[in-house]
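Trainee: Next comes the sequence, and after it the predicted model I'd like to discuss.
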Amino acid sequence: MKIKLISKNAPTYKSGSSRAKWYAAIKRYNGKDLDAFLAAVEKKPPALKKNGEAEPARGWVRYFVREEIVELKD
């Protein structure tokens, strides 16, 4: 599956927030393979929780799809 940003729904997030960091990461993979994005962010997550753990990347992908910011195309 390929990641496709929906330009009309470009969000504005608080600078430095987890959402802004994850959006910047997924934005770099616009038009690229979902598996490549997942592999890259598992190696180096854009943001960590307060306890230092990484959040699941698939959860962020689902969030951006649900908010109609990203589409996944075959």
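Mentor: That came in fine, so what should we check first? Residues are numbered from 1 along each chain as shown.

Trainee: where are the low-confidence patches of the protein?
Mentor: Regions of the chain meeting the criterion pLDDT under 70 are absent.

Trainee: Would you map the helices across it?
Mentor: 18-28, 34-43, 57-66 (DSSP state H).

Trainee: Let me have these in a markdown table, extended by mean neighbour count.
Mentor: Using the backbone N, CA and C atoms, a C-beta is placed for each residue, glycine as well. What follows is the helices of the chain, written out as a markdown table (neighbours: other C-beta atoms under 10 Å):
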| stretch | mean neighbour count |
| --- | --- |
| helix 18-28 | 17 |
| helix 34-43 | 14 |
| helix 57-66 | 16 |
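
Trainee: nearest to Asp74, of these?
Mentor: helix 34-43 (10.4 Å; C-beta to C-beta).

Trainee: for the closest one, packing partners?
Mentor: strand 2-5, helix 18-28, helix 57-66 (3 or more C-beta pairs under 8 Å, 6 or more residues apart in numbering; DSSP states H and E).

Trainee: Show me the one of those that comes nearest Pro45.
Mentor: Shortest distance between Pro45 and the helices and strands packed on helix 34-43, using C-beta to C-beta, is found for helix 57-66: 7.5 Å.

Trainee: before we move on, back to that, in a markdown table, list the helices and strands packed on helix 34-43 along with distance to Asn51.
Mentor: Output for the helices and strands packed on helix 34-43, formatted as a markdown table (distance: least, C-beta to C-beta, whole Å):
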| stretch | distance to Asn51 |
| --- | --- |
| strand 2-5 | 28 |
| helix 18-28 | 13 |
| helix 57-66 | 16 |
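
Trainee: right, and the ones you listed - which one's nearest Ala47?
Mentor: Comparing these against Ala47 with C-beta to C-beta, the closest turns out to be helix 18-28 (4.2 Å).
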